[in-house]
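>>> Fold the following and give me the result.
(chains A and B)
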Amino acid sequence: MGPLAPNELISENTNFLLAFFIGIAFGFVLESSGFSSSRKLAGIFYGYDTVVLKVFFTGAITCMLGLLFMGLFGWVDLDLIYVNPTYLTSAIVGGIVMGAGFIMGGFCPGTSFCGAAIGKIDAMVFVGGLFLGIYGFAFTYGWWEKLYMARYLGEPKISTTLGLSDGLFGLILILVALAMFGVAEWAEKKFPREAY
Amino acid sequence: MKPLRLLGLFIIPMGLIIAAVPQNKTNPYKLTADELLNEVNTRNQYVTADVVADMIVKKDPTLRLIDVRSQDEFEKFSLPGAINIPVTDLLSAEYAGILNQDVKMNVLYSNGTLAANEAWMVTRQLGFTNNYVLEGGLNYWFDAILNPQKPASTSPDEEYAKYDFRKSAGQALGGGGMAVQAASDQTATSAKPAVKPVAKKKKASGGC
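Here you go, the predicted model:
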């Protein structure tokens, strides 16, 4: 069975077509949930609106549960799932740069395209900055290469590093996520904003 | 009910289930029937007797000969350095490390090629690589290596070179061929047959 593309059940082109439709659905849901407003994303950092955190983390644990169950049923060979290789230094540096960008710009790459699609000028400026960053990085790659490639860890899983089974780690992550949602809702009450 | 509670009510039991069940370690078939048929048709699993004889004579450490016949037959005759894994015991756990590895080149042989091919197909279906089949089996080995026939006088040089190689290999491996000692002087300058290196099969690639 799955994954569909590596097992050649569907062609690479069909894979892209599916990704296209999933991407449209993703954008539609983002926009209809109000993610195209830059205040939504900035809200996490100030605590008045944590919807983005809740939505993306719910998405992550739902996906994790789905994959674990599908692996259990033999529908998906989890060994064939592509995992981004970990370069620790660039993950940390990139995380800081991205986080700073999110809070300053009020968008993440996905929501900026949503905002641009409905004609928000700040989102369009953000998209412009995004491309500037991409091209800037690409053309000066030689300067960063050492940093970019530093501390390569392969494709580690937290569960194997901690010596837990995937399922047990999944349960822990779910509990952590729910606790985090609780804290987030508390923060929303603590730092309310009238209108944004 | 608050959405957070609702989410928790649904997702925590799911998490408990997935944490409690053992991980699915069953090995799905590594090759589909189509892929296996394709491999059988390309005949990539075969290694010729000449290549194997050359590797034995040179004591190539990467070669591992595996006799898939019964133990009786193995004790009566086997190729030098061969180990015995009867087809019936192929899946026993003690042989898994021998058949599933990527260091040595396992060459399976039987009297013909049938039993060796059976064993090869099973290992291939399990996703193992580096297992090959001796082309022609022991029957051809006797004819070609241990009792090589002198080619006709009109044969091209390559035939003679092959014959010389087989004759000397056959002698080294304890076959006949002493009677034709004199003939080897005539063609002593013939080039040694080039032994084709066996292409290692690529590992099935996955991922993105």
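>>> From here on, just use CA atoms for contacts and neighbour counts.
Noted.
>>> Let me see the ranges of the strands in chain B.
Assigned by DSSP state E, chain B shows strands spanning B:46-47, B:63-67, B:83-84, B:105-109, B:131-134.
>>> Chain A too?
Assigned by DSSP E, chain A shows strands spanning A:86-87, A:152-154.
>>> Quick one: closest of those strands to A:Cys114.
strand A:86-87 (28.7 Å; Cα to Cα).
>>> and the closest one, does that touch chain B?
No: against chain B, strand A:86-87 shows no contacts by Cα under 8 Å from any Cα of the partner chain, the least distance being 15.3 Å.
>>> Report all helices and strands that that strand contacts.
For strand A:86-87, the packing partners by 3 or more Cα pairs under 8 Å, 6 or more residues apart in numbering or on different chains; DSSP states H and E come out as strand A:152-154.
>>> Which elements pack onto the strand it packs on?
Using 3+ Cα pairs under 8 Å, 6+ apart: strand A:152-154 touches strand A:86-87.
>>> partners of the strand it packs on, with directions?
If you go by DSSP bridges, strand A:86-87 pairs up with strand A:152-154 (antiparallel).
>>> List of residues touching the strand it pairs with?
Identification of contacts with strand A:152-154 by Cα atoms under 8 Å, 6 or more residues apart in numbering or on different chains yields A:Pro85, A:Thr86, A:Tyr87, A:Leu88.
>>> Which pLDDT value belongs to the residue nearest the centre of chain B?
By Cα atoms, centre = their mean, chain B has its centre lying nearest to B:Tyr132, at 1.8 Å. Looking at B:Tyr132, its pLDDT is 92.
>>> and A:Gly47, what does it touch?
A:Ala184, A:Ala187, A:Glu188, A:Phe191, A:Pro192.
>>> And the nearest residue to B:Trp141 once chain neighbours are set aside, how close does it get to chain A?
Counting by Cα to Cα, 6 or more residues apart in numbering or on different chains, B:Ala49 is the residue found nearest to B:Trp141 once chain neighbours are left out, at 6.2 Å. Separation of B:Ala49 from chain A (Cα to the nearest Cα, to the nearest Å): 36 Å.
>>> In contact with B:Ala49, which residues?
Contacts of B:Ala49 by Cα under 8 Å, 6+ apart are B:Leu134, B:Glu135, B:Gly136, B:Tyr140, B:Trp141, B:Ala144, B:Ile145.
>>> Just the buried residues out of those residues, in PyMOL syntax.
Applying 16 or more other Cα atoms under 10 Å in any protein chain shown to those, the buried members can be selected in PyMOL as follows:
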select buried, chain B and resi 134+135+136+140+141+144+145
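>>> Can you lay out the contacts of B:Ala49 as CSV showing distance to A:Lys146?
Below are the contacts of B:Ala49 laid out as CSV (distance: Cα to Cα, whole Å):
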residue, distance to A:Lys146
B:Leu134, 49
B:Glu135, 51
B:Gly136, 54
B:Tyr140, 58
B:Trp141, 56
B:Ala144, 58
B:Ile145, 57
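>>> give the contact list for B:Asn117.
B:Leu108, B:Val133.
>>> follow-up on the earlier one: give me the buried entries from the contacts of A:Gly47.
A:Ala184, A:Ala187, A:Glu188.
>>> got a list of what the second one touches?
To tie it back to what came earlier, the one meant is A:Ala187. A:Gly47, A:Tyr48.
>>> Then B:Met105?
B:Thr62, B:Leu63, B:Arg64, B:Asn130, B:Asn131, B:Tyr132.
>>> ok, these vs B:Phe77, which is closest?
B:Arg64 (16.4 Å).
>>> Buried residues, the top helix by length along chain B. List them.
Using DSSP state H, we find that the single longest helix of chain B is helix B:3-20. Within helix B:3-20, the residues scored as buried using 16+ other Cα under 10 Å are B:Gly8, B:Ile11, B:Ile12, B:Met14, B:Gly15, B:Leu16, B:Ile18, B:Ala19.
>>> Check whether it comes near chain A.
Yes: using Cα under 8 Å from any Cα, we find that helix B:3-20 touches chain A at B:Leu4, B:Gly8, B:Ile11, B:Ile12, B:Met14, B:Gly15, B:Leu16, B:Ile18, B:Ala19, B:Ala20.
>>> Using TSV, please lay out these together with pLDDT.
As requested, the residues of helix B:3-20 next to chain A are arranged in TSV below (pLDDT from 0 to 100):
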residue	pLDDT
B:Leu4	83
B:Gly8	88
B:Ile11	90
B:Ile12	91
B:Met14	91
B:Gly15	91
B:Leu16	92
B:Ile18	89
B:Ala19	89
B:Ala20	89
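>>> got the contact list for the closest residue in space to B:Val103 that isn't next to it in sequence?
Among residues not flanking B:Val103 along the chain, B:Thr62 sits closest, at 7.1 Å (Cα to Cα, 6+ apart). Going by Cα under 8 Å, 6+ apart, B:Thr62 touches B:Val103, B:Lys104, B:Met105.
>>> Phi, psi for the first one please.
Which is B:Val103. phi -110, psi -50 (degrees, to the nearest 10).
>>> any idea how chain A splits into domains?
Per the record, chain A has its domains at A:1-83+A:158-196, A:84-156, by automatic domain parsing.
>>> and those, which one's lowest on average pLDDT?
domain A:1-83+A:158-196 (a mean of 87).
>>> Near chain B, which residues of chain A are found?
A:6-7, A:65, A:68-69, A:71-74, A:80-83, A:165-171, A:174-175, A:178, A:181-182.
>>> So among those, which ones count as buried?
Applying 16+ other Cα under 10 Å to the residues of chain A next to chain B flags A:6-7, A:65, A:68-69, A:71-72, A:74, A:80, A:165-171, A:174-175, A:178, A:181 as buried.
>>> domains of chain B?
According to automatic domain parsing, the domains of chain B span B:33-141, B:149-186.
>>> Okay, now the first one: how far is its last residue from its first?
Right, the one you point to is domain B:33-141. Using Cα to Cα, to the nearest Å, one end of domain B:33-141 lies 31 Å from the other.
>>> same check, this time on stretch B:147-158
18 Å.
>>> which residue ranges form the helices in the chain?
As the question left the chain open, I've gone with chain A. With DSSP H as the criterion, chain A has helices spanning A:12-32, A:38-46, A:51-72, A:88-105, A:109-117, A:121-139, A:141-149, A:158-162, A:166-190.
>>> looking at chain B here, not the other one
Under DSSP H, chain B gives helices at B:3-20, B:33-42, B:49-57, B:71-76, B:96-99, B:114-125, B:137-141, B:157-172, B:183-186.
>>> Nothing else from me, thank you.
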